[in-house]
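J.: need coordinates for the following:
(one chain, ligands or ions: 1)
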Amino acid sequence: MNIDIISVFPEYFNMLNLSLLGKAQDKGLLNIKAYNLRDWTHDVHQSVDDTPVGGGAGMVMKPEVWSECLDELLGLNDSSSKITNENFTNTSIKENNYPILIFPNPCAPLFNQVDATELSRANHLIFGCGRYEGYDARIPDYYKSCGIDVREYSIGDYVLNGGEVAVSVMVEAITRLMPGFMGNPESIVEESYTGDDALLEHRQYTRPTTWRGLSVPEVLTSGNHAKVDRFRRDEALERTDAIRPDLIEKLDCTSLDKADRKTLINLGWEVSGKHPRKLND
Ligand code: 6GU
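T.: Here you go, the predicted structure:
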């Protein structure tokens, strides 16, 4: 997978050469390049922003600098690789080789595990990091009109100074799902937010089984795998009920076994419909 990142602080992304992401790049699984948006400016001040049309505080990133940069990275300057709408119809991410363009934006749909899984199958992602009050709204509109798959995502309900942190979050969430990235792919299967059965994970313990007077739950040392599985599943249901009841509401009741239903009923959920529903709320 090729990942291009455009930013006015490209050095920020040096950290993507560390740890597992660095290893994936050494293995040739991944190639991450960070570009400085200012390299596409023509003025002495290398300015990338201007005041908002219509007034208001802050600065907005100018469309012309972005388009010079994006046309080049998307290969749109090269007439032999003209992108047309037909190239995109009915093709999945795996089948088309065109880059997907992603803009972090606090005023966009939330990025989640389903998005990360889908994007982990892409060949080429281009991230454009906005700064200041954001980027001119015509930039994503224009590239959509060229037939490019353009996405805008927020990573949570809080405001950051720019898209750099959000892009590093998305890159990490996406790349770790690529085949061959993880040493042990099973650790992905059991994780929170995976599949239609997205629950918070059960709590984890390691040895010693008693530490500073605190013991791990006895069932975990029993060697009875069925009991351990049930204990963990109940704990996942209980923790999700307490911390993220919105995830319980999304569960498909037909995927729940008898013991799951019993646990949820004890926690005050009604489980006879399509999705669980909290009673007396
Ligand atoms: Cl994607 N960008 C910025 N600037 N702030 C954010 C965000 C993105 N997601 C949450 N807050």
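J.: please pull up the helix or strand immediately following the longest helix along the chain.
T.: If each helix of the chain is counted by residues according to DSSP state H, the longest one is helix 225-243. If you walk from helix 225-243 toward the C-terminus, the next helix or strand you reach (DSSP states H and E) is helix 245-249.
J.: I'd like to know which elements that next one is packed against.
T.: Using 3 or more C-beta pairs under 8 Å, 6 or more residues apart in numbering; DSSP states H and E as the contact criterion, the secondary-structure elements in contact with helix 245-249 are helix 225-243, strand 277-278. Where C-beta positions appear, they are placed from N, C-alpha and C, glycine not excepted.
J.: and the next helix-or-strand element following that helix, how far from the chain's centre?
T.: Where DSSP H and E defines the elements, the next helix or strand beyond helix 245-249 is helix 258-266. Relative to the mean C-alpha coordinate of its chain, helix 258-266 is positioned 31 Å out (C-alpha atoms, centre = their mean, to the nearest Å).
J.: and the very next helix or strand once past helix 258-266, which strands flank it?
T.: The first helix or strand that comes after helix 258-266 along the chain, using DSSP H and E, is strand 269-270. The strands beside strand 269-270 in its sheet (DSSP bridges) come out as strand 277-278 (antiparallel).
J.: what sits closest to Phe111 if chain neighbours are left out?
T.: Once flanking residues are discounted, Phe111 sits nearest to Tyr153: 3.9 Å by C-beta to C-beta, 6 or more residues apart in numbering.
J.: confirm that that neighbour sits in a helix.
T.: No. Inclusion of Tyr153 in a helix is not indicated when DSSP: H, G, I helix; E, B strand; the rest coil is applied; the result is strand.
J.: for the ligand, which of the helices and strands packed on helix 245-249 is the nearest?
T.: Closest of the helices and strands packed on helix 245-249 to the ligand is helix 225-243, at 20.3 Å (criterion: C-beta to the nearest ligand atom).
J.: next, the buried residues of the closest one.
T.: Residues of helix 225-243 classed as buried by neighbour count (16 or more other C-beta atoms under 10 Å): 228, 230-241.
J.: ok, stretch 101-116 next?
T.: Residues of stretch 101-116 classed as buried by neighbour count (16+ other C-beta under 10 Å): Leu101, Ile102, Phe103, Pro104, Asn105, Pro106, Ala108, Phe111, Asp115, Ala116.
J.: export stretch 261-275 to CSV, keeping only CA atoms.
T.: Output for stretch 261-275, consisting of C-alpha atoms alone and laid out as CSV, is shown next (Å, rounded to 0.1, in the frame of the first residue of the first chain):
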residue,chain,number,x,y,z
ARG,A,261,-29.8,-13.0,26.3
LYS,A,262,-30.0,-13.9,29.9
THR,A,263,-27.1,-11.6,30.8
LEU,A,264,-28.6,-8.7,28.8
ILE,A,265,-32.1,-9.3,30.4
ASN,A,266,-30.4,-9.1,33.8
LEU,A,267,-28.8,-5.8,32.8
GLY,A,268,-32.3,-4.4,31.9
TRP,A,269,-32.4,-5.0,28.2
GLU,A,270,-35.3,-6.3,26.1
VAL,A,271,-34.0,-8.7,23.5
SER,A,272,-37.0,-10.0,21.6
GLY,A,273,-36.8,-7.4,18.7
LYS,A,274,-34.2,-6.9,16.0
HIS,A,275,-31.9,-5.0,18.3
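J.: what sits up against that stretch?
T.: Stretch 261-275 is contacted from outside by 233-234, 237-238, 241, 248-254, 256, 276-280, using C-beta atoms under 8 Å, 6 or more residues apart in numbering.
J.: please redo it, this time with the cut-off set to 10 Å
T.: Applying C-beta atoms under 10 Å, 6 or more residues apart in numbering, the set of residues contacting stretch 261-275 from outside is 230, 233-238, 240-242, 245, 248-254, 256-257, 260, 276-281.
J.: list, one by one, the residues from the chain near the ligand.
T.: Applying C-beta under 6 Å from any ligand atom, we find that the chain lies next to the ligand at Pro104, Asn105, Pro106, Ser154, Ile155, Gly156, Tyr158, Val159, Leu160, Gly162, Gly163, Ala166.
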